[in-house]
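> Quick one, structure for this:
(one chain, ligands or ions: 2)
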Amino acid sequence: MATEVAGVERRAPNRLFIGGEWVDAAGGATFETVHPATGETLAAVAEAGPADVDAAVAAARRAFDEGAWVRLDAADRARILWRMADLVEARREELARLEVLDNGKPLREAQIDITQAADAFRYYAGWCTKLQGDTIPVRGNVLNYTLREPLGVVGAIIPWNFPLLMASWKVAPALACANTVVLKPAEQTPLSALELAAIGAEAGLPPGVLNVVTGYGEVAGAALVRHPDVDKIAFTGSTAVGRTIMREAAETLKKVSLELGGKSPNIVFEDADLEEAARGAFSGIFYNAGQCCTAGSRLLVQRSVHDALLEKLAERARKLQPGDPLDPKTRIGPLVSREQLERVLGYIEQGRSEGARLVAGGGQAAYAGELRGYWVEPTIFADVTPAHVIAREEIFGPVLAVMPFDDEEDAVRIANETVYGLAAAIWTSNLKRAHRMARRIHAGTIWVNTYHPLDAASPFGGYKQSGYGRELGASALDLYTQIKSVWIDLS
Ligand code: NAI
Ligand code: MG
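Ligands and ions are numbered 1, 2, ... in the order given. Prediction:
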């Protein structure tokens with residue numbers, strides 16, 4: 001069954017994984033996935049339509065109802081998830097290279113993704129044996145206790161920016177809570193999800209417990225959202241599609257959790273270590289070429305240090321050059337697709353025309369001397385005001401909007417002036433200010449004197465229009481279980 005893509009060995013074929021079998025799409029349709037650095041085609045992958053989604057949901061339903069997973073001893077479920085973590089880790093290099101080819105991110109970043117994906121499986125393996133209820137001292141001669149039960153079939157729809165990692169953040173807790181899953185990866189990056197299906201099978205998941213349908217959002221994704229036999233949709237992606245999913249899910253009242261966009265403020269006070277703050281602001285916006293829901297895309301700098309910080313940043317940005325994403329020394333990759341390239345270039349144009357001052361980048365970047373693939377220069381705009389479109393909308397590319405502020409009050413006002421609330425960072429050496437700001441910023445994650453760290457054990461999710469529900473940590477258990485109250489008359 002082994003295949004390969006551009007020299008990377010694979011265990012999965014480019015087919016759908018349904019009920020433990022690799023199958024073609026019902027109509028035989030396929031779509032192409034490309035390497036974003038060059039735009040060259042990597043593979044043609046099965047394109048699931050509604051009939052394939054029906055088959056995958058039926059397989060997941062059967063696997064759930066027949067109980068091969070939910071009635072397995074929790075300790076044995078844990079062993080299988082733990083084995084998945086081991087297999088992901090054992091294949092770290094080839095999975096990282098596959099992710100680089102499909103997504104375009106630099107190898108160094110892909111390796112971090114794979115390590116964190118393994119972490120998620122190991123963390124949730126541990127929870128299998130700890131999902132317990134309460135005994136509750138109610139009135140009367142009764143025993144009242146709760147059972148924490150799975151929801152049933154979970155539909156997981158994930159984006160292309162961290163393909164295997166986003167799959168793991170959903171699949172690991174969903175399976176730990178004894179649900180079965182239909183996973184739909186993004187059409188731009190289908191390959192690592194197929195490998196995850198192969199890894200699950202090798203680790204001993206019973207057939208139908210994890211199904212993978214590759215295909216388009218408007219077709220396969222939408223069919224999953226509408227399906228009456230799907231009990232829950234876990235989604236990460238754009239706020240626009242999150243809105244559509246909520247609306248569609250209302251028909252069948254399925255449970256929904258949404259991790260959506262962001263426009264995260266990165267706030268530098270004059271008492272910060274400026275060298276550290278520059279480093280943090282740089283990785284805050286340029287990590288994964290800015291294609292992070294948590295990207296620090298609004299840099300708020302206290303006026304007295306504004307010019308000094310801007311200069312440091314612009315200097316670093318100008319040095320950041322395209323390189324082969326498979327080269328471990330490369331620090332920035334291309335955007336994922338032509339569509340993203342055009343979106344981001346459109347925002348850069350918008351920034352120019354609304355009067356922001358360009359201090360670095362500002363255009364498409366060449367790769368190996370040619371304009372090919374989907375490369376954008378690391379771009380920095382200064383003199384941005386909160387009213388500018390580039391200060392309000394998620395750009396999802398290497399484009400930073402820099403704004404000055406006067407004092408703490410001013411910083412809080414500007415930082416919270418957004419419909420989003422995913423993350424924020426604060427750079428200061430004042431301990432009291434750090435804690436005050438952490439309380440006053442409306443966002444699900446606050447970093448102080450750092451940017452980007454996440455951990456399988458710590459809850460992650462959005463305030464406001466960045467979504468709801470918390471992934472990771474113990475909080476995610478609430479997304480994949482429901483509580484039953486049991487009353488036993490003892491009189
Ligand atoms: P998207 O939201 O369309 O795609 C995310 C996932 O949703 C993919 O698997 C896609 O196939 C699926 N999908 C799309 N339409 C669907 C529908 N009607 N029903 C069910 N599933 C559907 O994001 P897209 O178009 O790739 O990127 C557009 C923008 O979205 C980006 O520029 C960025 O601003 C934002 N975005 C945010 C992400 C985040 O991590 N919060 C991740 C990806 C995109
Ligand atoms: Mg879309």
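> May I have the residues that are in contact with Pro185?
With CB atoms under 8 Å, 6 or more residues apart in numbering as the criterion, the residues that contact Pro185 are Ile158, Trp160, Pro163, Ala167, Ser192, Ala193, Leu194, Val212, Thr214. For glycine as for every other residue, the C-beta is placed from the backbone atoms N, C-alpha and C.
> how about a cut-off of 7 Å?
Ile158, Pro163, Ala167, Ala193, Thr214 (CB atoms under 7 Å, 6 or more residues apart in numbering).
> can you list the weak-confidence ranges in this protein?
In the predicted model, the chain carries pLDDT under 70 at residues 1-2.
> Ligand 1 contacts on that one?
157-159, 161, 184, 186-187, 216-218, 221-222, 225, 236-238, 241, 244-245, 260-261, 293, 340, 343, 394, 396 (CB under 6 Å from any ligand atom).
> Which among those residues count as buried?
Burial by neighbour count, 16 or more other CB atoms under 10 Å: within these this picks out 157-159, 161, 184, 186-187, 217, 221-222, 225, 236-238, 241, 244-245, 260-261, 293, 340, 343, 394, 396.
> Could you list which of these belong to helices?
Secondary structure from DSSP state H places Ala222, Val225, Val241, Thr244, Ile245, Gln340, Arg343 of those in helices.
> ok, the last one to Arg122 distance?
In other words, Arg343. As judged by CB to CB, to the nearest Å, Arg343 and Arg122 stand 36 Å apart.
> Please apply the same query to the fourth one.
As defined by CB to CB, Thr244 lies at a distance of 34 Å from Arg122.
> what does the third one give?
When CB to CB is the yardstick, Val241 and Arg122 sit 30 Å from each other.
> same thing with the first one?
According to CB to CB, Ala222 and Arg122 sit 33 Å apart.
> Now do the contacts for the spatially most central residue of the chain.
What sits nearest the mean C-alpha location of the chain, by CA atoms, centre = their mean, is Met166, with 4.4 Å. Residues near Met166 by CB under 7 Å, 6+ apart: Ile158, Pro159, Thr236.
> where along the stretch 101-250 of the chain do the strands fall?
Applying DSSP state E, counting those that start in this stretch to the stretch 101-250 of the chain gives strands spanning 135-136, 142-150, 153-157, 180-184, 210-212, 232-236.
> Redo those strands as JSON lines? Include distance to Glu270.
Below are the strands of the stretch 101-250 of the chain laid out as JSON lines (distance: least, CB to CB, whole Å):
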{"stretch": "strand 135-136", "distance to Glu270": "53"}
{"stretch": "strand 142-150", "distance to Glu270": "49"}
{"stretch": "strand 153-157", "distance to Glu270": "43"}
{"stretch": "strand 180-184", "distance to Glu270": "47"}
{"stretch": "strand 210-212", "distance to Glu270": "50"}
{"stretch": "strand 232-236", "distance to Glu270": "36"}
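> nearest to Ala78, of these?
Closest to Ala78 of these is strand 142-150 (CB to CB; 14.7 Å).
> buried stuff in the closest one?
Across strand 142-150, burial judged by 16+ other CB under 10 Å covers Arg148, Glu149, Pro150.
> Hmm, Ala176 and the last one touching each other?
No. Taking contact to mean CB atoms under 7 Å, the distance of 9.6 Å between Pro150 and Ala176 leaves them out of contact.
> For Ala443, which of the strands of the stretch 101-250 of the chain is the nearest?
Of all the strands of the stretch 101-250 of the chain, strand 232-236 sits nearest to Ala443, with 16.6 Å by CB to CB.
> strands paired with the closest one, and their directions?
Its sheet considered, strand 232-236 pairs with strand 153-157 (parallel), strand 255-259 (parallel) by DSSP bridges.
> Of those, which stretch is the most buried?
Mean neighbour count, computed with mean count of other CB atoms under 10 Å, is highest for strand 153-157 among the strands paired with strand 232-236, reaching a mean of 28.
> Report the inter-axis angle for it versus strand 180-184.
Inter-element angle recorded for strand 153-157 and strand 180-184: 20 degrees (by axes from the mean of the first three to the mean of the last three CA atoms, to 10 degrees).
> ok, back up a step: arrange the ones in helices among the buried ones among the residues of the chain next to ligand 1 in CSV, one row each, with distance to Ala55 as further columns.
Below are these laid out as CSV (distance: CB to CB, whole Å):
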residue, distance to Ala55
Ala222, 16
Val225, 17
Val241, 24
Thr244, 24
Ile245, 21
Gln340, 31
Arg343, 34
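> which one among those gets closest to Tyr468?
Ile245 (12.2 Å).
> what ranges do the helices span in the protein?
Going by DSSP H, the chain shows helices at 50-66, 74-90, 92-103, 107-127, 163-176, 191-203, 222-226, 239-249, 274-286, 303-319, 338-353, 389-392, 408-415, 431-440.
> List the buried residues of the shortest one.
Within helix 389-392, the residues that count as buried by 16+ other CB under 10 Å are Ile390, Ala391.
> likewise the longest one?
Within helix 107-127, the residues that count as buried by 16+ other CB under 10 Å are 107, 109-114, 116-125, 127.
> what's the span of stretch 356-373 from first residue to last?
In stretch 356-373, first residue to last residue: 27 Å (CA to CA, to the nearest Å).
> meant to ask about stretch 330-342, not that
End-to-end distance for stretch 330-342: 23 Å, by CA to CA.
> go on, stretch 185-195?
Termini of stretch 185-195 sit 12 Å apart (CA to CA).
> now that we have the contacts of Pro185, which one has the most neighbours?
Within the contacts of Pro185, neighbour counts (other CB atoms under 10 Å) peak at Pro163, which reaches 30 neighbours.
> Just give me how far stretch 284-295 sits from the chain centre.
Relative to the chain's own centre, stretch 284-295 is displaced by 11 Å; criterion: CA atoms, centre = their mean, to the nearest Å.
> per-domain residue ranges of the protein.
Under the assignment automatic domain parsing, the domains of the chain span 3-260+466-487, 265-455.
> thinking again about what came up before, quick check, nearest of the contacts of Met166 to Ala55?
Taking CB to CB as the measure, Ala55 lies nearest Ile158 of these, at 20.0 Å.
> dump the residue contacts of that closest one.
Residues near Ile158 by CB under 7 Å, 6+ apart: Met166, Ala167, Lys170, Pro185, Ala186, Thr236.
> and if you look at Arg10?
Shown in contact with Arg10 (CB under 7 Å, 6+ apart): Ala2, Thr3, Glu4, Leu98, Glu195.
> Tell me which two in those residues are the farthest apart.
Using CB to CB, these span at most 12.9 Å, a distance reached by Ala2 and Leu98.
> In terms of neighbours, single out the busier of the two.
The neighbour comparison of Ala2 against Leu98 (other CB under 10 Å) goes to Leu98, with 28 against 9.
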